[in-house]
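Student: Predicted model and sequence follow; I will ask about them next.
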Amino acid sequence: MTQALSTAIEIVKAPLLYKGKVRELYDLGEHYLIVVTDRISAFDYVLDPAVPEKGNVLNRLSAFWFEQTAEMMPNHIVHTDVYKLGDLVTEPELLKNRIMVSKKAERIDIECVVRGYITGGGWRQYTKTSAINGIELPEGLRKNERFEKPIFTPAAKNDVGHDEDIPFERMQEMVGAELAEELRDKSIALYEFAQARCEERGIILADCKFEFGLIDGKVILIDEIFTPDSSRFWAKDKYAFDIEIDSMDKEPVRTYLLGSDWDRDSKPAPLPQSVVDETTNRYLAIYKALTGQDL
C-alpha cells in the first residue's frame, strides 16, 4: 500500500489558490490543477492520519464518471496525467492518479443534490416538517424508502460552515429561473444514469450532489461526481427500512468516533491504525464495485 498523501504544497510549483478538507487547487494560468489528497474529514474536522489510497480512489472515480457522462454533460476535465505537468511537480510519482487539470469555470454557488431515497438529512427534515426543502411529501414514508421519482433538493454553498438547504424557488431567485431549471433537469438525468449503472453492479445510489460552473455562458460539470465523498452508496444486500444503513464510504471513521469518548468540541485524537486500514479497504472496494477493476 502506498504512503498517504497529506498535502502537495511542497511538491507543486504553482500558486495555491485554495486548500479544502481534501482537495487543493493550484493556478496553472489557463487551467486549474486539482490535487486530491488522502486527508479525511468527519463531523467538520480534518482527522489524523490521512487514509492511504483515498485520494487516488476519489480522483480516478471522478475521472471514470466524467468520461461516462461526457456525452450527456460537458465537464471541466482537461487531463489527469501528472507527467504532462513537467517541472511544475517535483515528485510526480507521489501525485500519480491524484491530479486533475481542469478548465477554469465560474462556479455556480449552488450544491445540486438529488435524492432517490429518503435518508440522512432528507429523512431528518421529513420527520420534522413532512417536507424536504419545501417539497411536500406523502405521509407515512419509511426511512430509506425509495421515492417514486428522484427529487431535487438544492443547497446554497457556503465556503465557511455548512451549506444551507433551500427551496427550489429560492434557487430560482438566486441564479435565475432558466438556469435553475437547467441545473435541476441535468442533475436528475445524471443521477438516473448513474443509478441504473450502479444497480447493475449490486449497488444502490441513494443520493448524490453535483457542482456546476459556467464557461462562456455554457453550463459544465465541475468538482467531483459519484464518489464516496459526494454520493451515498449502499450495497443492495444490506438495504432495509428503518435502520441506519452502513454506507460504502468512510463509515468506519464515523462509527469509531461516535463510539469513542471524543467530546465533539475539539479535534479528535489520531485514528487507530485498524480504523485507517478498514477505511482504505472501503474505498478500494467501492472503486472495484463501480468500475469492475482493481485500483
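Tutor: Yes, it's here.
Student: contacting residues around the residue sitting nearest the centre point of the chain?
Tutor: Residue closest to the average C-alpha location in the chain (C-alpha atoms, centre = their mean): Ser230, at 1.9 Å. Residues near Ser230 by C-beta atoms under 8 Å, 6 or more residues apart in numbering: Cys208, Lys209, Phe210, Asp223, Glu224. (Glycine included, C-beta is placed from N, CA and C.)
Student: Please report how far it lies from Leu61.
Tutor: Using C-beta to C-beta, to the nearest Å, Ser230 is found at 9 Å from Leu61.
Student: Quick check: neighbours shared by the two?
Tutor: By C-beta under 8 Å, 6+ apart, Ser230 and Leu61 have these common neighbours: Glu224.
Student: now the helices: where do they sit in this protein?
Tutor: Ranges of helices in the chain, per DSSP state H, are 54-69, 92-95, 120-129, 168-175, 177-200, 251-259, 273-291.
Student: next one: the third one to chain centre, how far?
Tutor: With C-alpha atoms, centre = their mean, to the nearest Å as the basis, helix 120-129 stands 21 Å off its chain's centre.
Student: can you count the residues close to Leu179?
Tutor: Using other C-beta atoms under 10 Å, Leu179 is surrounded by 18 other residues.
Student: Flag the shaky bits of the stretch 51-200 of the chain, pLDDT-wise.
Tutor: Low-confidence segments of the stretch 51-200 of the chain (pLDDT under 70): 159-161.
Student: run the last query once more with 90
Tutor: By pLDDT under 90, the weakly predicted segments of the stretch 51-200 of the chain are 157-163.
Student: for the longest strand anywhere in the chain, packing partners?
Tutor: Longest strand of the chain, by residue count under DSSP state E: strand 203-215. Applying 3 or more C-beta pairs under 8 Å, 6 or more residues apart in numbering; DSSP states H and E, one finds that strand 203-215 contacts strand 106-107, strand 110-117, helix 120-129, helix 177-200, strand 218-222, strand 231-235, helix 273-291.
Student: Please identify the most buried of those.
Tutor: strand 110-117 (a mean of 23; mean count of other C-beta atoms under 10 Å).
Student: how much does that one deviate in direction from strand 231-235?
Tutor: Here strand 110-117 runs at an angle of 20 degrees relative to strand 231-235 (axes from the mean of the first three to the mean of the last three C-alpha atoms, to 10 degrees).
Student: what's the distance between strand 110-117 and the middle of its chain?
Tutor: For strand 110-117 - counting by C-alpha atoms, centre = their mean - the centre lies 11 Å from the chain centre.
Student: cool, and stretch 142-158?
Tutor: 15 Å.
Student: ditto for stretch 235-248
Tutor: 19 Å.
Student: Among the contacts of Ser230, name the buried ones.
Tutor: Burial by neighbour count, 16 or more other C-beta atoms under 10 Å: within the contacts of Ser230 this picks out Cys208, Lys209, Phe210, Asp223, Glu224.
Student: Most widely separated two among those residues?
Tutor: The span of the buried ones among the contacts of Ser230, defined through C-beta to C-beta, is set by Cys208 and Asp223 at 11.8 Å.
Student: among the helices and strands packed on strand 203-215, which is nearest Pro154?
Tutor: That would be strand 110-117 among the helices and strands packed on strand 203-215, by C-beta to C-beta, at 5.2 Å.
Student: Which elements pack onto that closest one?
Tutor: strand 146-152, strand 155-156, helix 168-175, helix 177-200, strand 203-215.
Student: Neighbouring strands - and their directions - for it?
Tutor: In the sheet, strand 110-117 lines up against strand 146-152 (antiparallel), strand 155-156 (antiparallel), strand 203-215 (antiparallel) (DSSP bridges).
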